[in-house]
Structures are given as structure tokens and as C-alpha cells.
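>>> how would this look folded up:
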Amino acid sequence: MKQKRNTLQKGIVFDVFQEMHNHPSAGMVYEEVAKKHPEISKATVYRILADAAEEGRILRLKLSDADDRYDVTLGRHFHVVCRKCGAVADVKSDFCTENILRDTAGCENFCVEDFHIEFKGVCEKCRTSN
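Predicted structure coming up:
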């Protein structure tokens, strides 16, 4: 695989991404980048994040009812999504993923390779704004 080079634009996008701490979408990252660097295109931001996810440097989260989000935490973990505002947060859990894969009934004819658990709820900000 051809090694991708580091560019100034890549550095700017990653600096912004890492400052956000909220599982941002590519659109959210672009909005922040554009405030200080309007010369960086939306397509460039989207491509940089997609490439980083493909390379395994960040996680691309494919959440239901939401744009893809990105995460700096690479290890297996789960997420909760606010059904009102779309906020995403990590779920700290003691789930034993090996047990989930082993004990899943109905998958006997499959070689299960991965799974996705997503929690939904209402975040504190949305609960207190009513």
C-alpha cells in the first residue's frame, strides 16, 4: 500500500478533530476548519477523515439515524446517541464481547466476525431544556 504523505491540510484537520472531543461528523469538522481555514475544501476534510478511518487511525461510526461520526478511541467500545439532538457519547461497559459472539443464538450457520451495539436515549442537555 502506498504511504500517504502528511500535509499541512491533514495536520489542520486532525488538530481540529482532536480538539472537538464529541464524536464529530465530517460536516462538523469541516465547519470548524472553515472558520480559520476557509481555503480547505469540504471534500478535502471528508477525504482526510475517511482515509484516516480506512488506515485505522480513527474509528468511523456508522450510527443509525445519523451521519457517520468519527472517534479517536480505537478499542472496542459502545456508544449512546441522543434521540433529540444526535449527541454521541462513549458507553463504559463490562460487556464481554467474546461471550456475546459465542452465545448469540440464531447465528449457527454464520461465522460472526463483528457486531454493533448502539444505545439510544435523551442526553442531559435535552432533558433539562424542556
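
>>> and the nearest residue to residue 61 once chain neighbours are set aside, how many neighbours does it have?
Distance criterion CB to CB, 6 or more residues apart in numbering; nearest residue to residue 61, sequence neighbours excluded, is residue 69 at 4.3 Å. Backbone N, C-alpha and C define where each C-beta goes, glycine included. The local packing of residue 69 (other CB atoms under 10 Å) involves 20 other residues.

>>> hey, where'd the helices end up in this protein?
8-20, 26-36, 42-54, 97-102, 124-128 (DSSP state H).

>>> want to try CSV for the ones you listed, with distance to residue 81 and mean pLDDT as columns?
Shown next, in CSV, are the helices of the chain (distance: least, CB to CB, whole Å; pLDDT from 0 to 100):
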stretch, distance to residue 81, mean pLDDT
helix 8-20, 16, 94
helix 26-36, 14, 97
helix 42-54, 18, 96
helix 97-102, 20, 68
helix 124-128, 12, 93
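
>>> Nearest to residue 83, out of the ones you listed?
Among these, helix 124-128 comes nearest to residue 83, with 8.5 Å by CB to CB.

>>> now that closest one, how far from the chain's geometric center?
The chain centre lies 22 Å from the centre of helix 124-128; the measure is CA atoms, centre = their mean, to the nearest Å.

>>> Just the CA trace of that helix, in CSV.
C-alpha atoms of helix 124-128 as CSV (Å, rounded to 0.1, in the frame of the first residue of the first chain):
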residue,chain,number,x,y,z
GLU,A,124,-28.8,15.6,30.0
LYS,A,125,-28.9,18.9,28.0
CYS,A,126,-32.1,17.9,26.1
ARG,A,127,-33.7,16.6,29.3
THR,A,128,-33.1,19.8,31.2
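
>>> coming back round to it: check what pLDDT the residue nearest to residue 61 gets.
pLDDT for residue 69: 95.

>>> any idea how far it lies from residue 42?
17 Å (CB to CB, to the nearest Å).

>>> Relative to residue 59, how far out is the nearest residue to residue 32 once chain neighbours are set aside?
Distances taken as CB to CB, 6+ apart place residue 16 nearest to residue 32, at 4.8 Å, with adjacent residues excluded. Residue 16 sits 17 Å away from residue 59, going by CB to CB.
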